[in-house]
Every structure is written in structure tokens, then in C-alpha cells.
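**Student:** Pasting the sequence and the predicted coordinates here, then a few questions.
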Amino acid sequence: MKVDDDSVDSVNAVLNRLRRAQGQLAGVIAMIEAGRDCKDVVTQLAAVSKALDRAGFKIVASGMRQCMTNADANQAPMTEEELEKLFLALA
């Protein structure tokens, strides 16, 4: 499979979002261990969830063409129903 600059940029964007979420999650754990206020913990946990959602959406969006055409000759392209299920898994 040929990797173009757009693919590399998309992968880097996803990795950055996941690293940010990882840092936020570590912050949530530290907050709980420190006995921080529930409201603060839930607010930070919501930020982690949003970051993960955005990473997932970016993966789906950047991979849509590959999912539809599937460069791997050993697998059939994804159907519209399979793609819809993939999107809904993030909802």
C-alpha cells in the first residue's frame, strides 16, 4: 500500500490526539488519587472522552477512501452498512 503525505499527516494528527488524551487520562487518575472534587474529575474525564472521540472520527474520516476501495486484494471493500456500523460505534 502506498502511503502519501496526506496519510502521514492524518496518522500524525491521530497520534497527537491520542497522546493528548493519554496525558489527560493520567491527569484524571492523579486527580482521583488526590481526592479532588468530583466536578473537576468529571469535567476532565469528559475532555478525555471528547479527545478519544475526535481521534476515532479522524481515523474513520482519513481511512474512508481506503475502507471503500481497500487496497488489499485479499479483502473485499467495506459495504455501506459496515461503514455505517463503524461510524455508529463512535456515537
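**Tutor:** Structure's in. What do you need?

**Student:** Give the residue farthest from the middle of this structure.
**Tutor:** Distance to the chain centre peaks in the chain at residue 35, reaching 29.0 Å (criterion: C-alpha atoms, centre = their mean).

**Student:** CA atoms of whichever strand or helix holds residue 87 as CSV?
**Tutor:** Per DSSP states H and E: residue 87 is located in helix 80-90. The C-alpha atoms that make up helix 80-90 are tabulated as CSV, following Å, rounded to 0.1, in the frame of the first residue of the first chain:
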residue,chain,number,x,y,z
GLU,A,80,-22.0,1.0,3.2
GLU,A,81,-23.6,-0.9,6.1
GLU,A,82,-20.2,-1.8,7.5
LEU,A,83,-19.1,1.8,7.3
GLU,A,84,-22.3,3.0,8.9
LYS,A,85,-21.7,0.5,11.8
LEU,A,86,-18.2,1.8,12.1
PHE,A,87,-19.4,5.4,12.5
LEU,A,88,-22.1,4.4,14.9
ALA,A,89,-19.5,2.6,17.1
LEU,A,90,-18.1,6.0,17.9
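
**Student:** Quick one: list the elements packing against that helix.
**Tutor:** The helices and strands touching helix 80-90, judged by 3 or more C-beta pairs under 8 Å, 6 or more residues apart in numbering; DSSP states H and E, are helix 38-69. For the C-beta atoms, the positions are set from N, CA and C on the backbone; glycine is no exception.
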